[in-house]
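Chemist: here is a sequence with its predicted model. Questions after.
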Amino acid sequence: YLKDFFDAEDVHQQSRRLAVYQFLRLAQNMEARFSVAGEAQIPEFLNYVKKLAWFNEDKNYAQIPAAAENLDAVRLLTVHSAKGLEFRAVFLPYLGAGKIPSNRKGKICPDPNGMITGDVNFHDEEEECLFFVAMSRARDFLHLSRARDYSKNPSKFLEIMAEVLPTARSIETPDSSIEPPELSANSFASKTFYSADLDRYLRCPRQYFYHNICGLKGRGELSVYLKFHTAVYETIHALQTIRELQGVEFSEETAFARLDEFWQAAELDAHPYAPIYRRKAEEIIKRMGERIQNSNAEILRPTYYVKLANGAVCVKPDAIEKMEIDGEKQIVVRRYRTGKLPKKPATDDIDALMMQALKENFPDAQAAMQKIYLSDNAVQDTPISEKVIKNRLEKYERAIDGINNQKFPAEANDNNCPHCPHYFICPSGG
């Protein structure tokens, strides 16, 4: 494996060797911590590495050793990690409005009332200090830049410094990559895709490639909330199936028994907050069990196929209900969500598929969407305009085109990548 790393002495190969060295040094430092895991020590260690990346703590273990300090290469650093260092040349990009300085954000965990008196928001001052730190790392040359792609207007810091800066230059970078000719939708036989698979492609085409093309079906490590979410959903779907069967008893005991099966399969009891999650799950299942048992007008878990220009998409709503109000036929599609009611209705891509499915299968009825938030038993009407439906369906068509043309680029994302089961084999992951 390491032979290729020593075949050349260019900067790229030296950087690769340095990355391997840093990884092995971390493994050596953590050997005692994971030695008690027995045969599971390697998976446990790799999960730990992914968590370091997720919490943005991996940079603490990426210090350059003294032997590599003079490596003739570009150092990519955050402003915080560059404190106290000096370089002959510094390139400071991302200087667009809303980027540097960043926009103010509300506190996730606000201070209790009365704990701190006076002004406690120093966001602007902190951003200004960070900008000064970034600029002052340069000894001889400082390059300030931004791209028009992510910001039409420059950072206010550039405007403040306009009188002392040289005239800005605009640099157009031609696309030198050679793309294979993209075939039209008519070049491929029309196929049917599952909505979940196309949603996976829209999140990251590379993940679709690993999961659907290569057959690597790993799910990665799920957070306790996602395990809770999965157990609740699978229980609800099981109860919907039971209601459709003849001669099968439907009771609260049956509902809780099914919940316990999925709960044990998810290994949720190992979490310290498991009793809290379990109480919430039982509360939701009890409420949903009563709803499913008494909702004789609902059609549970129907399957529809939405026809697009280059294929069809299979979509499966949680439930639909046909009704008549003041002589007008109406068809309502319902989605169950485990969270709490948001302040504003949000439209997911799959919502457009469900609405289109209703329009195609019930052309004489007025279609509507409701989202039922299970944590607080709230129902939210989610209006979706024809324009939004059209735009979202076009996204699915582009996804199908990408799959047909075998385009599977990696979509790097600091939040999603560490949770991906293919993190260590993806070029944008580990």
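Modeler: Structure's in. What do you need?

Chemist: CA atoms for contacts and neighbours, from now on please.
Modeler: OK.

Chemist: roughly how far is the strand ranked longest in the chain from the heart of the chain?
Modeler: Identified as the longest strand of the chain according to DSSP state E is strand 328-337. Between the mean C-alpha point of strand 328-337 and the mean C-alpha point of its chain there is a distance of 27 Å (Cα atoms, centre = their mean, to the nearest Å).

Chemist: any residues touching whichever helix or strand comes after that strand, and which ones?
Modeler: Heading C-terminal from strand 328-337, the first helix or strand you meet, by DSSP states H and E, is helix 349-361. Residues outside helix 349-361 that contact it (Cα atoms under 8 Å, 6 or more residues apart in numbering) are 195, 199, 304-306, 315-317, 331, 333, 365, 367-369, 384, 388-390, 392-393.

Chemist: quick one: buried ones out of these?
Modeler: 195, 199, 304-306, 315-317, 331, 333, 365, 367-369, 384, 389, 392-393 (16 or more other Cα atoms under 10 Å).

Chemist: among those residues, name the ones in strands.
Modeler: Secondary structure assignment by DSSP E places 304-306, 315, 331, 333, 367-369 of the buried ones among the contacts of helix 349-361 in strands.

Chemist: ok, those residues vs W54, which is closest?
Modeler: Sorting these by how near they are to W54, with Cα to Cα, puts V315 at the top with 31.5 Å.

Chemist: partner strands of the helix or strand bottoming out on mean pLDDT in the chain and their direction?
Modeler: Using mean pLDDT, DSSP states H and E, the weakest-scoring helix or strand in the chain turns out to be strand 298-300, at a mean of 77. Its sheet considered, strand 298-300 pairs with strand 319-325 (antiparallel) by DSSP bridges.

Chemist: and the strand it pairs with, which residues are buried?
Modeler: Neighbour counts over strand 319-325 (16+ other Cα under 10 Å) mark 319-320, 322 as buried.

Chemist: pLDDT and distance to R243 for these - can I get that in a markdown table?
Modeler: Listed next are the buried residues of strand 319-325 as a markdown table, based on pLDDT from 0 to 100; distance: Cα to Cα, whole Å:
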| residue | pLDDT | distance to R243 |
| --- | --- | --- |
| A319 | 89 | 13 |
| I320 | 90 | 15 |
| K322 | 86 | 18 |
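
Chemist: tell me the buried residues in stretch 202-212?
Modeler: Counting neighbours by 16+ other Cα under 10 Å, one finds that the buried residues in stretch 202-212 are 202-211.

Chemist: and R279, how many neighbours?
Modeler: 11 (other Cα atoms under 10 Å).

Chemist: cool, and F132?
Modeler: Here the number of neighbours of F132 (other Cα under 10 Å) works out to 12.

Chemist: which strands or helices does the helix or strand harbouring it pack on?
Modeler: Assigned by DSSP H and E, F132 belongs to helix 123-135. The helices and strands touching helix 123-135, judged by 3 or more Cα pairs under 8 Å, 6 or more residues apart in numbering; DSSP states H and E, are strand 87-92.

Chemist: next, the angle helix 123-135 makes with the strand it packs on.
Modeler: Computed by axes from the mean of the first three to the mean of the last three Cα atoms, to 10 degrees, the angle separating strand 87-92 from helix 123-135 equals 140 degrees.

Chemist: in strand 87-92, what's buried?
Modeler: Under 16+ other Cα under 10 Å, the buried positions of strand 87-92 are 90, 92.

Chemist: can you give the distance of it from its chain's centre?
Modeler: With Cα atoms, centre = their mean as the basis, strand 87-92 stands 33 Å off its chain's centre.

Chemist: any idea of the mean pLDDT for that strand?
Modeler: The predicted model assigns strand 87-92 a mean pLDDT of 92.

Chemist: for that strand, packing partners?
Modeler: Contacts defined by 3+ Cα pairs under 8 Å, 6+ apart place strand 87-92 against helix 123-135, strand 138-144.

Chemist: buried sites along the shortest one?
Modeler: This means strand 138-144. By neighbour count, and taking 16+ other Cα under 10 Å as the criterion, the buried residues in strand 138-144 are 138, 142.

Chemist: got it, and the first one?
Modeler: Along helix 123-135, the positions that meet the burial threshold by neighbour count (16+ other Cα under 10 Å) are 127, 130-131, 133-135.

Chemist: in JSON lines, list those along with pLDDT.
Modeler: Converted to JSON lines, the buried residues of helix 123-135 look like this (pLDDT from 0 to 100):
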{"residue": "E127", "pLDDT": "90"}
{"residue": "L130", "pLDDT": "92"}
{"residue": "F131", "pLDDT": "92"}
{"residue": "V133", "pLDDT": "93"}
{"residue": "A134", "pLDDT": "93"}
{"residue": "M135", "pLDDT": "94"}
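
Chemist: turn those residues into JSON lines, including distance to P409.
Modeler: Conversion of the buried residues of helix 123-135 to JSON lines gives the following (distance: Cα to Cα, whole Å):
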{"residue": "E127", "distance to P409": "34"}
{"residue": "L130", "distance to P409": "33"}
{"residue": "F131", "distance to P409": "33"}
{"residue": "V133", "distance to P409": "35"}
{"residue": "A134", "distance to P409": "32"}
{"residue": "M135", "distance to P409": "34"}
